[in-house]
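K.L.:
compute the structure for the input listed below.
(one chain, ligands or ions: 2)
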Amino acid sequence: MEAPLYRGGLEDVARLYALLRDERGLVVYGYRLDGGSIGFGVVRGASELPLRVEAEAEPGRYRLRSGVGFTTSHQSPKNYLHPPRQVVARVREDLSVEEPEAGEGGVALFAVKPCDLSAVEVLDELFRAGANPLYAARRGRVKFVVVEECLRPGNTCFCSTTGSGPTAREGFDVAYAKLGGEAVLFKPGSPAGQKVLEEMGLEEASEGDVAEYRGLAEEASRRACLGVAVEEAQRALRRLLGDRGFWERVSERCLACSSCNMVCPTCFCTELVDEYDGRVDTRVAQWVGCLSYTYGMVAGGHFRRELYTRYRHFVLHKFLFYPMQTGRLGCVGCGRCVTWCPAGVDLRESLIRAVGEGGG
Ligand code: SF4
Ligand code: SF4
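P.N.:
Ligands and ions are numbered 1, 2, ... in the order given. This next block holds a predicted model:
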């Protein structure tokens, strides 16, 4: 038997946040209003939750306005699990080594999007088995996951093509979806989630609510679709691997700023930097993006000097190399790289053109 769905309102999302923080004692990391955008970090009060905003997202363009359908943000759960800058170790003058601490207490990931949940699975795969102890420590603190489903995907989203959304199937404790106005539908994804929803005393959703939810979810799935299948794009990309002209054409507007790498919830590359203050040497792992010029620079030279080779690597890593290594896509269709590219370079367009020129 399917678990019951519950009906509530936007204020119940705020109540859920408060319950996790105050009664469960969890540190809540989630989306929060951050100037004219939405960031990801510790949510210190319900007033920071982006409950009544929606994002207008187009290639190279992002605006918040009032509404209830925020879809995308410039940060993601990666900003907690694999932050932009992490101290790896400190070495003192006497050569004693101080290991970093991952922080204390349980964590709730709050209102993450279904595509983000897939992105966390990608990161888990990459860093799994404790091979990255910093990641393992942060991941181990996550005790509760709340998902906000997208019933009105943004204009740069293509999560139904990558199979990451717009609704969530597993890997969460509570998911909720904004039906419109103030109405919100909640669904449990685990016994712990079920218990929390029962504690909140929400009423069961009516058949009409459930039908409305399913109708909106189907429409959302159609809207977040690219029009070409991932397998078609992969076949085309394989054929176009050595086609320099194709890669130059699709990357011709690229500025090599690496903004796409920074906002991508699955990009994971770091470089180690030593910072020495005369007494203590601090080794820091900081994000580095494959689109930047210095990424391919090594002691013996540069292995991706031309920009098109770096854009090609970005696309192929997500769609060919990562699946070859792990069996799953490295792109979750969140559209952030499209939205936050200052030049409007559109990954979706590159995939569609690949199918057009390389044949599906
Ligand atoms: S594709 Fe866009 S965001 Fe990425 S490096 Fe090029 S200009 Fe910057
Ligand atoms: S490549 Fe672009 S669409 Fe895919 S996960 Fe990264 S930011 Fe999202």
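
K.L.:
so what does the longest helix along the chain touch, helix or strand wise?
P.N.:
For the chain, the helix with the greatest residue count under DSSP state H is helix 207-223. When contacts are defined as 3 or more CB pairs under 8 Å, 6 or more residues apart in numbering; DSSP states H and E, helix 207-223 packs onto helix 159-162, strand 174-180, strand 183-188. Using the backbone N, CA and C atoms, a C-beta is placed for each residue, glycine as well.

K.L.:
can you do 7 Å?
P.N.:
Judged by 3 or more CB pairs under 7 Å, 6 or more residues apart in numbering; DSSP states H and E, the packing partners of helix 207-223 are strand 174-180.

K.L.:
buried ones in the strand it packs on?
P.N.:
Neighbour counts over strand 174-180 (16 or more other CB atoms under 10 Å) mark Val174, Ala175, Tyr176, Ala177, Lys178, Leu179 as buried.

K.L.:
let's verify Gln234: helix, strand, or coil?
P.N.:
Recorded secondary structure, Gln234: helix (DSSP: H, G, I helix; E, B strand; the rest coil).

K.L.:
tell me who's in contact with it.
P.N.:
Listed by CB atoms under 7 Å, 6 or more residues apart in numbering, the contact partners of Gln234 are Phe319, Leu320.

K.L.:
report the two of the buried residues of strand 174-180 separated the most.
P.N.:
Spatial extent of the buried residues of strand 174-180 (CB to CB) is set by the pair Val174 and Leu179 at 15.9 Å.

K.L.:
now do the contacts for His82.
P.N.:
With CB under 7 Å, 6+ apart, His82 has these contacts: Leu123, Tyr135, Phe268.

K.L.:
what about the second one, neighbour count?
P.N.:
The local packing of Tyr135 (other CB atoms under 10 Å) involves 20 other residues.

K.L.:
do the last one as well
P.N.:
Other residues within reach of Phe268, judged by other CB under 10 Å, total 18.

K.L.:
now the first one
P.N.:
The burial metric for Leu123, expressed as a neighbour count using other CB under 10 Å, is 22.

K.L.:
which SS state does it fall under?
P.N.:
helix.

K.L.:
now it: how far from ligand 2?
P.N.:
For Leu123, the distance to ligand 2 equals 11 Å [CB to the nearest ligand atom, to the nearest Å].

K.L.:
please pull up the helix or strand immediately following whichever strand or helix holds Glu231.
P.N.:
Assigned by DSSP states H and E, Glu231 belongs to helix 230-239. Using DSSP H and E, the next helix or strand after helix 230-239 towards the C-terminus is helix 244-250.

K.L.:
buried residues in that following helix, which are they?
P.N.:
Buried-residue list, helix 244-250, by 16+ other CB under 10 Å: Phe246, Trp247, Val250.

K.L.:
what about Leu19, which SS state?
P.N.:
With three-state DSSP as the basis, Leu19 sits in helix.

K.L.:
number of residues surrounding it?
P.N.:
16.

K.L.:
cool, Gly201 as well?
P.N.:
Counted with other CB under 10 Å, Gly201 comes out at 10.

K.L.:
look up how far ligand 2 lies from it.
P.N.:
37 Å.

K.L.:
quickly list what Arg63 is bridged to.
P.N.:
Glu56 (DSSP bridges).

K.L.:
so what's Val250 closest to, chain neighbours aside?
P.N.:
Ser350 (4.3 Å; CB to CB, 6 or more residues apart in numbering).

K.L.:
wasn't the one you found part of a strand?
P.N.:
No: under three-state DSSP, Ser350 sits outside any strand and is assigned helix.

K.L.:
just the pLDDT for it.
P.N.:
The model reports Ser350 with a pLDDT of 97.

K.L.:
and it, how close does it get to Lys318?
P.N.:
11 Å (CB to CB, to the nearest Å).

K.L.:
alright, calling it a day.
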